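Asks: take a look and give me a structure for this.
(one chain, ligands or ions: 1)
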Amino acid sequence: MKEKIEEVLKQAKQFKIASKEDVEQFRLKFLTRKSDINELFARLKEVPTEEKRNVGQLLNQLRSDLEKIFDDAKLKFDANEEDFNYDLSLPSFNFSTTGIHPLSVVKTELISIFLKMGFDVSEGPEIEDDWHNFSALNFPENHPARDMQDTFFIENEISLRTHTSSVQVRVMENKMPPIRTISPGRVYRNEAISSRSNCFFHQIEGLYIDEKVSFADLKQTLFLFVQEFFGEGTRVRFRPSYFPFTEPSAEMDIYLGTESDADKRLTKGTGWLEILGCGMVDTAVLKNCGIDSDKYSGFAFGMGVERIAMFKYGVKDLRTFFENDTRFLEQFYAV
Ligand code: PHE
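Replies: Coordinates of the predicted model:
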């Protein structure tokens, strides 16, 4: 019996499989009901009891060996034979890896400018509690100011952060001034999805707190930033605005002019493009975060990365940043 098993295995190994037909021949010879192995299984009952176990194992092993030869050969010859005419010396295919995502490019560039000015980078959680996203930032409870940022609530008091100002609260709670930090990150707002807005986007917010920080420092810092990022000589203007956490508050625009159609469209005919919100940190916010507001003052600002990337690269639809269509992303390969 043992010899017969070895004999079958030997035959199977020597069986030449060079085509799809050979694979079928192999199956007919070794794996059908009429094949030797089936006969061997049938003869198992003649084997003395004390050897049954051993012979049974050998037979099972034989069957799995035969099946393996068959499966491997089938895999090989079922596919188009030409596919296996490999020339391993050829260079590999160039599949698309695209470049660095445009939002990352812009984010990195924005961050590097502020790093040069002495800011550091801080990050925080995207799932945030009411205190860090709203209350500490002077949004009164049930106050309509909370509607400014349509919030995705997860459960009572817990939501997806609507801005990275929440990270600034965390920094202020944990660090004594002087504080100079920027907080990049993804934020979420329950907005209708369109070419200009999405339910999530990316922000970079900045915070500067020290003794005697004034609005002039705010203007100078942001002016320098604009010269670095948008080019020497770019004009800026500040318009009064409102945020619960800053007083006074402003929005900053840069001047593009109305010469080209694109600039005209982008600026709605005014020549000015809004870039960011900013202001002097409200004394109530400093107090909420345990900072002595008699001794320290500070400014904060926040901007949307998509908005700036859209302007920089002439992207008309914000959604294209998130579709991961390689035809779009490849265009930034050399950036
Ligand atoms: N947090 C504001 C927003 O998300 C931006 C901002 C930050 C405004 C800091 C002023 C100061 O719209």
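Asks: what's the helix or strand for the closest residue to His101 other than its chain neighbours?
Replies: Leaving aside its chain neighbours, His101 sits nearest to Leu329 (6.7 Å; criterion: C-beta to C-beta, 6 or more residues apart in numbering). The C-beta positions use only the backbone N, C-alpha and C, and glycine is treated the same way. Per DSSP states H and E, Leu329 falls inside helix 326-329.
Asks: for that helix, packing partners?
Replies: Contacting helix 326-329 under the criterion 3 or more C-beta pairs under 8 Å, 6 or more residues apart in numbering; DSSP states H and E is no other helix or strand.
Asks: quick revisit: quick one: contacts for the residue nearest to His101?
Replies: Applying C-beta atoms under 8 Å, 6 or more residues apart in numbering to Leu329 gives the contacts 98-99, 101-102.
Asks: tell me the residue of the stretch 101-250 of the chain that sits nearest the ligand?
Replies: Distances between the stretch 101-250 of the chain and the ligand by C-beta to the nearest ligand atom are smallest at His163, namely 3.3 Å.
Asks: where is the longest strand in the chain?
Replies: strand 200-211 (DSSP state E).
Asks: picking up where we left off before, average pLDDT for the helix holding Leu329, rounded please.
Replies: For helix 326-329, mean pLDDT rounds to 87.
Asks: for the longest helix seen in the chain, packing partners?
Replies: Longest helix in the chain by number of residues (criterion: DSSP state H): helix 49-78. Under the contact definition 3+ C-beta pairs under 8 Å, 6+ apart, helix 49-78 sits against helix 2-14, helix 20-30, helix 36-42.
Asks: the last one: which residues count as buried?
Replies: Looking back up the chat, that one is helix 36-42. Neighbour-count burial for helix 36-42 flags 36-37, 40 (criterion: 16 or more other C-beta atoms under 10 Å).
Asks: related to what we said a few turns ago, contacting residues around the closest residue to the residue of the stretch 101-250 of the chain closest to the ligand other than its chain neighbours?
Replies: Spatial nearest neighbour of His163, chain neighbours left out: Val187 (5.4 Å); criterion: C-beta to C-beta, 6+ apart. Residues in contact with Val187 (C-beta under 8 Å, 6+ apart) are 126, 160-164, 200-203.
Asks: again, only using 7 Å
Replies: Residues counted as contacts of Val187 (C-beta atoms under 7 Å, 6 or more residues apart in numbering) are 161-164, 200-201, 203.
Asks: list the buried residues of the lowest-mean-pLDDT helix or strand in the chain.
Replies: Across the helices and strands of the chain, the lowest-confidence element by mean pLDDT, DSSP states H and E is helix 261-266, at a mean of 84. Neighbour-count burial for helix 261-266 flags 263, 266 (criterion: 16+ other C-beta under 10 Å).
Asks: stretch 270-280 too?
Replies: Applying a neighbour-count criterion of 16+ other C-beta under 10 Å, one finds 271-280 buried in stretch 270-280.
Asks: same deal with stretch 4-16?
Replies: Going by 16+ other C-beta under 10 Å, stretch 4-16 has these buried residues: 5, 8-9, 12.
Asks: what about that stretch, average pLDDT?
Replies: The average pLDDT within stretch 4-16 is 92.
Asks: and for stretch 309-318?
Replies: The average pLDDT within stretch 309-318 is 90.
Asks: returning to what we had before: and which of the buried residues of stretch 270-280 is nearest to Glu155?
Replies: Glu155 has its nearest neighbour among the buried residues of stretch 270-280 in Gly277, at 28.7 Å by C-beta to C-beta.
Asks: determine the set of other helices and strands touching whichever helix or strand the closest one is part of.
Replies: If you go by DSSP H and E, Gly277 is part of strand 272-281. With contacts defined as 3 or more C-beta pairs under 7 Å, 6 or more residues apart in numbering; DSSP states H and E, strand 272-281 has these neighbours: helix 215-230, strand 236-243, strand 246-255, strand 296-304.
Asks: got the CA positions of the shortest one in CSV?
Replies: The reference is to strand 236-243. Extracted as CSV, the C-alpha positions of strand 236-243 are listed here (Å, rounded to 0.1, in the frame of the first residue of the first chain):
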residue,chain,number,x,y,z
VAL,A,236,-4.3,94.2,2.1
ARG,A,237,-7.2,95.8,3.9
PHE,A,238,-9.0,95.1,7.2
ARG,A,239,-12.7,95.3,7.5
PRO,A,240,-14.5,95.3,10.8
SER,A,241,-16.2,92.0,11.6
TYR,A,242,-17.6,90.0,14.4
PHE,A,243,-16.4,86.8,16.1
